[in-house]
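Asks: got a predicted structure plus its sequence, pasted below:
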Amino acid sequence: MEIPPKSPDGSEKSPQSKELITSNTASTLCISSRSESVWTSASRSKWDIYHKPVIVVSVGAAIFLFGMVITSLSCIQNKNKNIYKMCGPAFLSLGLMLLVCGLVWIPIIRKKQKQRQKSQFLQSLKSFFFNR
């Protein structure tokens, strides 16, 4: 017969019983591992879904237009021509990058929304058949 090792604090509890007392429940793990939006089925407006990519597209378009203005100033003005030639293409590329990222982000969100709807449908079917 084995004698379980004593803990450093002097208590006589076995490691298994101590682990059972302090272990987290499955519900706590689910709450911490998933966002609350997965569990709630509240309908969100289009602005709530698409506001981030719309803002990125808007900022990208504004920076791109600003880059076009600065680049055209390098052709028109002789004063500070080197600064305009350096800053113009930088703003053009930054604006174009943000614009493209925002435009690519929108179809990704649409695809996720379709997958979420399918997942919710399959979950409801599963709960319908297995909870009877």
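Replies: Cool, got the structure.
Asks: tell me where the chain has strands.
Replies: Using DSSP state E, the strands of the chain do not appear at all; there are none.
Asks: low-confidence ranges in it?
Replies: Counting by pLDDT under 70, the chain contains low-confidence residues at 1-42, 132.
Asks: at 80 what do you get?
Replies: 1-43, 121, 125-132 (pLDDT under 80).
Asks: remind me, longest helix of this structure?
Replies: Across the chain, the longest stretch assigned as helix under DSSP state H is helix 81-130.
Asks: check contacts around residue 103.
Replies: With contact set as Cβ atoms under 8 Å, 6 or more residues apart in numbering, residue 103 has these partners: 53, 57. C-beta: built from backbone N, CA, C; applies to glycine.
Asks: er, residue 93 actually
Replies: Residue 93 is in contact with residue 67, counting by Cβ under 8 Å, 6+ apart.
Asks: could you check how far it is from residue 71?
Replies: 11 Å (Cβ to Cβ, to the nearest Å).
Asks: repeat that for residue 55.
Replies: Shown here: residue 55 relative to residue 71, a distance of 24 Å by Cβ to Cβ.
Asks: how about residue 53?
Replies: Residue 53 sits 26 Å away from residue 71, going by Cβ to Cβ.
Asks: before we move on, what about residue 54?
Replies: Between residue 54 and residue 71 the computed distance is 26 Å (Cβ to Cβ).
Asks: for residue 130, same thing?
Replies: As judged by Cβ to Cβ, residue 130 and residue 71 stand 63 Å apart.
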